[in-house]
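Undergrad: output the structure for:
(one chain, ligands or ions: 1)
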Amino acid sequence: MNSEQPIGIFDSGIGGLTIAAAINETLPNEQIIYFGDTQHLPYGDKSNKKILFYSDRIVEFLLKKKCKAIIIACNSASAIAYDFLEKKTHKKSLLFNVINPLIKYIEKDINIKNIGIIGTNATISSNVYQKSIKLTRKDINVKSLATPLLASLIEENNQKLYQKGIVETYLSDNTIKNIDTLVLGCTHYPLIESIISKYYNENVKILSSLNHIGNEVKQKLQQNKLLRFSQNKLKHNFYVSDYTSHFQQKTKLFFPSSIILKEENIF
Ligand code: DGL
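TA: Numbers count the residues shown, from 1 in each chain. Take a look at the predicted model:
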């Protein structure tokens with residue numbers, strides 16, 4: 001591995017672009033190769049077997065592109081496929097998920113007493129957040145709720161649908177009542193963080209991996225002498241498994257300079 005190699009990032013759709021944008025901001029000299037598996041979105045409702053299969057193929061693709069680091073920018077795939085992918089990428093690429101950086105933060109924040117986790121069916125039924133938090137913070141009361149419609153709602157981004165109260169219906173569920181902190185356990189959710197904060201009148205701390213992943217990756221690259229210092233910009237590459245002009249439009253939200261989106265059949 002060497003510092004000139006790119007960083008691979010993948011998700012089922014636009015959620016991972018939030019992570020790609022965060023990486024681009026913290027590590028502006030790095031080249032990003034992004035893969036959005038739009039053909040199989042949403043991942044959160046798929047079986048573990050399928051999520052493993054798709055993640056495996058995408059990582060294969062990113063390894064062929066010689067990525068020195070790969071970020072699983074999807075909580076569902078992080079929850080289900082991380083251990084498997086760690087073996088696959090061993091010594092070929094550094095591997096990151098979007099769950100561990102948040103867990104590290106939660107471990108240290110002594111003000112957290114009652115935490116709620118929202119995410120896809122796959123993430124919530126894996127219990128990954130609950131198990132990891134309880135390892136070091138038995139004092140925290142963890143409550144979780146699957147909010148399966150949110151990722152598709154965010155992909156659709158239809159203002160009228162937001163006004164139907166879908167977000168509020170989920171957040172008012174008794175399961176996640178009386179919390180002081182809410183984890184956005186899906187990389188799509190930061191896109192509606194303002195709606196979520198407003199629901200709680202800004203009285204609940206909202207956590208997402210967006211604010212933590214950049215430093216985590218930077219530190220690991222530094223430790224492994226893989227940080228790229230050259231300011232000679234290398235173009236990011238964006239791939240999807242099913243091209244839509246909708247996705248092309250979305251990339252502009254995060255990367256305003258024109259992006260060439262390529263369809264790649266890797267399955
Ligand atoms: N962005 C993915 C995650 O963080 C979820 C979207 C999906 O269900 O595909 O879990």
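
Undergrad: all strands of this structure, in order?
TA: Ranges of strands within the chain are 7-11, 32-36, 69-72, 94-97, 114-119, 141-146, 181-185, 205-207, 237-240, 261-263, based on DSSP state E.

Undergrad: now the fourth one, how far from the chain's geometric center?
TA: When you say that, I think you mean strand 94-97. Put simply, strand 94-97 sits 12 Å off its chain's centre (CA atoms, centre = their mean, to the nearest Å).

Undergrad: what residues does the stretch 1-150 of the chain have near the ligand?
TA: 11-12, 15, 41-44, 74-76, 120, 123 (CB under 6 Å from any ligand atom). Yep, even glycine has a C-beta here, placed from its N, CA and C like the rest.

Undergrad: among those, which lie within helices?
TA: 15, 75-76, 123 (DSSP state H).

Undergrad: out of those residues, which is most surrounded?
TA: For these, the largest number of neighbours (other CB atoms under 10 Å) sits with residue 75, at 35 neighbours.

Undergrad: can you map out the helices along the stretch 151-267 of the chain?
TA: For the stretch 151-267 of the chain, the helices defined by DSSP state H, counting those that start in this stretch cover 159-163, 166-171, 193-199, 210-223, 245-254.

Undergrad: hmm, back to that, which pair in the residues of the stretch 1-150 of the chain next to the ligand spans the largest distance?
TA: Within these, 41 and 123 form the most distant pair, 14.8 Å apart (CB to CB).

Undergrad: look up the closest residue to residue 88, ignoring the ones flanking it.
TA: residue 59 (6.1 Å; CB to CB, 6 or more residues apart in numbering).

Undergrad: could you give the number of residues near that neighbour?
TA: A total of 25 residues lie near residue 59 under the criterion other CB under 10 Å.

Undergrad: so it makes contact with residue 90?
TA: No - using CB atoms under 8 Å, residue 59 is not in contact with residue 90, being 11.7 Å away.
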